[in-house]
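Visitor: below is the structure, and that's it, no one-letter string:
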Ligand code: NAP
Ligand code: 1JT
């Protein structure tokens, strides 16, 4: 379904990363990929994973560095030519902000969560959009219910996800005329590096699995399926949307 298309996937840290499941699923449909790694610390891990997907290229990207964002787009132009798909699967907040009261969020904790988790989508979309023009391209980001409703402990990340969700709508309006679609996948809780060590996540997942309409939790492959849909022409009429891949949990009002 994605033969001859190219994709830039941002947010692979290890084999449990949602971005890694998405990369595998896009590659399985024929997409040629560029994967990014944040600093040399993660280069080996990302290359070891990516080398199982023939044709993959690698580039360093810390989204807090404008020069690296521009550099990533330049590298993609050089290596892949144009770009059909951008997957944004990154978020960051200081551990001490993911607990206690949102009321106690520090100025710096608020700034860094917004910068890495929300502003980075706009920065990447701006850098990559010239490579995406006239190709029915697709931008996909990952969000969480904590941006729409109060989820205990999610705190400053919830406010960052609310900004991310709104950014999807404004970017969809800006980039629609160039044929570029922008959508988010709202995933249910999944045990990944980011989610590990988050207090209360185990209980939250247990409750979700029992109460969600599908009576189960979701995994990385569930999310990857929706990403293939959003990357493919099957979703050509969809933009500015948040698709919930959460076993239906978000529809509950009790
Ligand atoms: P993950 O494997 O830890 O992925 C998070 C990624 O963000 C890592 O690759 C991390 O890179 C990257 N990152 C953080 N700061 C960065 C920066 N300054 N520059 C570049 N990359 C940076 O966890 P994940 O669960 O797959 O998270 C992916 C996305 O899914 C996030 O947006 C998250 O909010 C969202 N999501 C997750 C869940 C869940 O329950 N797991 C649910 C809904 C939505 P390094 O590790 O190299 O720092
Ligand atoms: C980050 C972290 C972003 C954990 C994340 C995330 N997006 C989803 N999760 C999982 C999660 C986290 C909490 C939660 C429910 C789900 C941690 C590092 C920073 C970025 O609370 C109930 C806290």
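Guide: That came through, no problem. Predicted, not measured: the structure shown is a model, and the values here were computed from it. Numbers count the residues shown, from 1 in each chain. Ligands and ions are numbered 1, 2, ... in the order given.
Visitor: tell me where the stretch 101-250 of the chain has helices.
Guide: Along the stretch 101-250 of the chain, the segments classed as helices by DSSP state H, counting those that start in this stretch run 107-114, 120-132, 155-175, 201-211, 220-231.
Visitor: and those: which comes nearest residue 81?
Guide: Residue 81 sits nearest to helix 120-132 of all the helices of the stretch 101-250 of the chain, at 8.1 Å, using Cβ to Cβ. All C-beta atoms are positioned from the backbone trio N, CA, C, and that covers glycine.
Visitor: which residue lies nearest the spatial centre of the protein?
Guide: residue 89 (2.3 Å; Cα atoms, centre = their mean).
Visitor: give me every residue that touches it.
Guide: 9, 10, 11, 12, 17, 18, 19, 22, 141, 142 (Cβ atoms under 8 Å, 6 or more residues apart in numbering).
Visitor: nearest residue to it other than its sequence neighbours?
Guide: Spatial nearest neighbour of residue 89, chain neighbours left out: residue 11 (3.1 Å); criterion: Cβ to Cβ, 6 or more residues apart in numbering.
Visitor: I figured the one you found was touching residue 35, is that so?
Guide: No. Counting by Cβ atoms under 8 Å, residue 11 stays clear of residue 35, with 9.2 Å between them.
Visitor: hey, where'd the strands end up in the protein?
Guide: Per DSSP state E, the chain carries strands over the ranges 6-10, 32-37, 57-60, 85-88, 138-143, 181-187, 242-245.
Visitor: in TSV: those strands, plus mean neighbour count, mean pLDDT and distance to ligand 1.
Guide: Below are these laid out as TSV (neighbours: other Cβ atoms under 10 Å; pLDDT from 0 to 100; distance: least, Cβ to the nearest ligand atom, whole Å):
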stretch	mean neighbour count	mean pLDDT	distance to ligand 1
strand 6-10	26	98	6
strand 32-37	23	98	7
strand 57-60	18	97	9
strand 85-88	28	99	8
strand 138-143	27	99	3
strand 181-187	25	99	4
strand 242-245	20	99	9
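Visitor: out of the contacts of residue 89, which are close to ligand 2?
Guide: Near ligand 2, judged by Cβ under 6 Å from any ligand atom, there are no entries from those.
Visitor: out of those residues, which comes closest to residue 172?
Guide: Nearest to residue 172 among those, with distances taken as Cβ to Cβ, is residue 141, at 11.2 Å.
Visitor: how near is the closest residue to the closest one other than its chain neighbours to ligand 2?
Guide: Leaving aside its sequence neighbours, residue 141 sits nearest to residue 88 (Cβ to Cβ, 6+ apart; 4.2 Å). Counting by Cβ to the nearest ligand atom, to the nearest Å, the gap from residue 88 to ligand 2 is 13 Å.
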